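A.B. asks: After the sequence you'll find the predicted model.
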Amino acid sequence: MEYRILGNTGLSVSEVGIGGIPIQRADAITACQLLARASELGVNFIDTARAYSVSEEYLGQALEGLRDRFVLATKSGAKTKEDMSRDIRISLQNLRTDYIDLYQLHNPNEAGLEQILAPGGALEALLEAKEAGVIGHIGITLHSKELFQKALELSWVETVMFPYNIVETQGEELIARCKEKNIGFICMKPLAGGALDDAQLAMRFLAVNDNISVVIPGMASLQELEQNIVSYSNKEPLTMEEQNRIAAVRKELGTNFCRRCNYCAPCTAGISIYSVFLMEGYFTRYNLQEWARGRYEALGKTAIDCIGCGVCETRCPYDLPIRDMMKKAVQVFGK
Ligand code: SF4
Ligand code: SF4
């Protein structure tokens, strides 16, 4: 395992860390096994969030006896000082620690960021917690390029987390600016939220970019953990054959695909929006028609139940035409 310095935090982090989203789908025992093996392999960075249901709690259990081997990052979508203070307390409790290395603002939009920065906003709570030694550093996670640009001008931002992968390269120049400004860059969504099925190629694409401080693929099994580390260890320039495969993936996926972030929820009609698109992807891209149809039908509410209210589209950070995509899913599955 190689280590990189996480910008001006000065923290030495393994180039591959653990993204905490899939831990929700696992269980506490799997989380314990994952962290124990990760530590053996030299992984020392974990990222989770208040919003990832049981992820903080499972990780807290798994960190018993291992806490000092990891740089621990979490985040909250709180906008006010009061809410952020409460969330920091809950994170500490869930993670069973008295210190969190990095606490991040979780994907605010423009209005949210204004509220965070205003008197009585969440930043005050983070600065106080840092002053009190409860958190070590302050970062921000974003999906909007405009806000990424803005974040680079905010003096208190020590790390930025942003999606970057084969089909989402819109932040590439800003990622390079992070390095110039000595701001740590945490690469999220290396597999485009599961849309990239060739994990090895996806990790190779990232491994050759040394502007990335740490990449955090979501992992919930030992096999995924080991595979990701092996793929990332190859720093040779991309071969022509790999470049051709990357071009083919880009051509196939384009940019209008769902990253499964679930920010569009809740759907007015009770549809699990990302599940609809996930099953449609399995059906159309991966030649798993019967398997995908069975799971699609088991969802209960499906694309046919969409009433076209459009609320979800106002929440999707990728501006996806969700209503049109629902219509396409109806065409694919017939319901
Ligand atoms: S437009 Fe359709 S998918 Fe979106 S929130 Fe409304 S009902 Fe749900
Ligand atoms: S539709 Fe948009 S907001 Fe909803 S899960 Fe997909 S990418 Fe995320």
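C.D. replies: Nice, thanks for sending it over. Ligands and ions are numbered 1, 2, ... in the order given.
A.B. asks: if I look at residue 288, how far off is ligand 2?
C.D. replies: According to C-beta to the nearest ligand atom, to the nearest Å, residue 288 and ligand 2 sit 20 Å apart. Every C-beta, even on glycine, is put in place using the N, C-alpha and C of the backbone.
A.B. asks: Could you tell me which residues make contact with the residue nearest the centre of the chain?
C.D. replies: The chain has residue 188 as the residue nearest its centroid, 4.4 Å off, counting by C-alpha atoms, centre = their mean. Residue 188 is in contact with 19, 47, 141, 161-164, 216, counting by C-beta atoms under 8 Å, 6 or more residues apart in numbering.
A.B. asks: Looking at those, which are in strands?
C.D. replies: 19, 47, 141, 161-163 (DSSP state E).
A.B. asks: and these as TSV, adding neighbour count?
C.D. replies: Shown next, in TSV, are these (neighbours: other C-beta atoms under 10 Å):
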residue	neighbour count
19	26
47	27
141	22
161	29
162	25
163	22
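A.B. asks: any chance you could map the strands in the stretch 101-250 of the chain?
C.D. replies: Here the stretch 101-250 of the chain has its strands, by DSSP state E, counting those that start in this stretch, at 135-141, 159-163, 184-188, 214-215.
A.B. asks: Turn these into TSV, including mean pLDDT and distance to ligand 2.
C.D. replies: Shown next, in TSV, are those (pLDDT from 0 to 100; distance: least, C-beta to the nearest ligand atom, whole Å):
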stretch	mean pLDDT	distance to ligand 2
strand 135-141	97	14
strand 159-163	96	10
strand 184-188	96	13
strand 214-215	96	20
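A.B. asks: For these, give me TSV that also has distance to residue 72.
C.D. replies: Shown next, in TSV, are those (distance: least, C-beta to C-beta, whole Å):
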stretch	distance to residue 72
strand 135-141	9
strand 159-163	13
strand 184-188	13
strand 214-215	13
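A.B. asks: could you pull out the helices for the stretch 201-335 of the chain?
C.D. replies: 222-233, 240-253, 273-285, 289-297, 311-315, 322-333 (DSSP state H, counting those that start in this stretch).
A.B. asks: closest to residue 59 out of these?
C.D. replies: Nearest of those to residue 59, taken as C-beta to C-beta: helix 222-233 at 14.1 Å.
A.B. asks: list the buried ones in that closest one?
C.D. replies: 224-225, 227-229, 231-232 (16 or more other C-beta atoms under 10 Å).
A.B. asks: What mean pLDDT does that helix get?
C.D. replies: For helix 222-233, the mean per-residue pLDDT is 88.
A.B. asks: What parts of the protein come near ligand 1?
C.D. replies: 267-269, 271, 273, 306-312, 322-323, 326 (C-beta under 6 Å from any ligand atom).
A.B. asks: Next, count neighbours for the nearest residue to residue 220 once chain neighbours are set aside.
C.D. replies: Nearest residue to residue 220, sequence neighbours excluded (C-beta to C-beta, 6 or more residues apart in numbering): residue 22, at 3.7 Å. Residues contacting residue 22 under the criterion other C-beta atoms under 10 Å number 19.
A.B. asks: For residue 22, what are phi and psi?
C.D. replies: Dihedral pair for residue 22: phi -70, psi -10, per degrees, to the nearest 10.
A.B. asks: does it really touch residue 218, like I thought?
C.D. replies: Yes - between residue 22 and residue 218 there is a contact under C-beta atoms under 8 Å: 4.2 Å.
A.B. asks: So for residue 111, which of the strands of the stretch 101-250 of the chain sits nearest?
C.D. replies: The nearest among these, by C-beta to C-beta, is strand 135-141 at 15.1 Å.
A.B. asks: Give the pairing partners of the closest one; include direction for each.
C.D. replies: For strand 135-141, the paired strands and their directions (DSSP bridges) read strand 100-106 (parallel), strand 159-163 (parallel).
A.B. asks: Deepest-packed of those strands, please.
C.D. replies: strand 159-163 (a mean of 26; mean count of other C-beta atoms under 10 Å).
A.B. asks: so where is the protein shaky, pLDDT-wise?
C.D. replies: 25, 285-287 (pLDDT under 70).
A.B. asks: Identify the residue nearest the residue in the stretch 151-300 of the chain that ligand 1 sits nearest to in space, chain neighbours excluded?
C.D. replies: Residue of the stretch 151-300 of the chain nearest ligand 1, by C-beta to the nearest ligand atom: residue 267 (3.3 Å). Among residues not flanking residue 267 along the chain, residue 273 sits closest, at 5.5 Å (C-beta to C-beta, 6+ apart).
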